[in-house]
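Colleague: Need coordinates for the following:
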Amino acid sequence: MSERKGSTATKDRDKVQEPPLYKVLLHNDDYTSMEFVISVLEKVFRKSTSEATRVMLNVHQEGVGVAGIYTREICETKVVIVHDLARKSEYPLRCSIEQV
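Modeller: Residues are numbered from 1 along each chain as shown. Below you'll find the predicted structure:
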């Protein structure tokens with residue numbers, strides 16, 4: 001058996017960067033019911049009832065609260081879903097995204 005001498009073929013590997021993360025922020029208003037906000041947090045953001053209640057109270061007291069942290073595309077999709085649900089229920093609930 002003969003052995004090949006020389007260099008071994010190697011591939012340069014680029015470091016895979018994780019995509020940047022964004023927060024979905026819920027904004028307080030004087031019209032959207034607390035129950036509706038909790039429902040949105042449970043259904044759209046998959047929060048438990050206790051976690052959804054905690055986030056809702058934070059939004060109510062601080063004026064804004066973090067509903068979840070995701071990639072940009074997922075955040076944008078969740079914002080559209082929340083706005084659609086709010087409009088159908090005749091609430092002015094608003095949410096936005098902000099880079100982490």
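Colleague: Pull out the buried positions in the helix or strand hosting residue 55.
Modeller: Per DSSP states H and E, residue 55 falls inside helix 49-62. By neighbour count with 16 or more other Cβ atoms under 10 Å, helix 49-62 contains the buried residues 52, 53, 55, 56, 59. C-beta: built from backbone N, CA, C; applies to glycine.
Colleague: helices or strands up against the following helix or strand past it?
Modeller: Under the assignment DSSP H and E, the closest C-terminal helix or strand after helix 49-62 is strand 64-71. Packing contacts for strand 64-71, counted by 3 or more Cβ pairs under 8 Å, 6 or more residues apart in numbering; DSSP states H and E, involve strand 21-27, helix 49-62, helix 72-88.
Colleague: Can you name every helix or strand that the helix holding residue 55 contacts?
Modeller: Helices and strands in packing contact with helix 49-62 are listed as strand 21-27, helix 34-43, strand 64-71; criterion 3+ Cβ pairs under 8 Å, 6+ apart.
Colleague: would a markdown table of these with mean neighbour count, mean pLDDT and distance to residue 100 be doable?
Modeller: Rendered in a markdown table, the data for the helices and strands packed on helix 49-62 read as follows (neighbours: other Cβ atoms under 10 Å; pLDDT from 0 to 100; distance: least, Cβ to Cβ, whole Å):
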| stretch | mean neighbour count | mean pLDDT | distance to residue 100 |
| --- | --- | --- | --- |
| strand 21-27 | 19 | 98 | 4 |
| helix 34-43 | 18 | 98 | 19 |
| strand 64-71 | 17 | 98 | 6 |
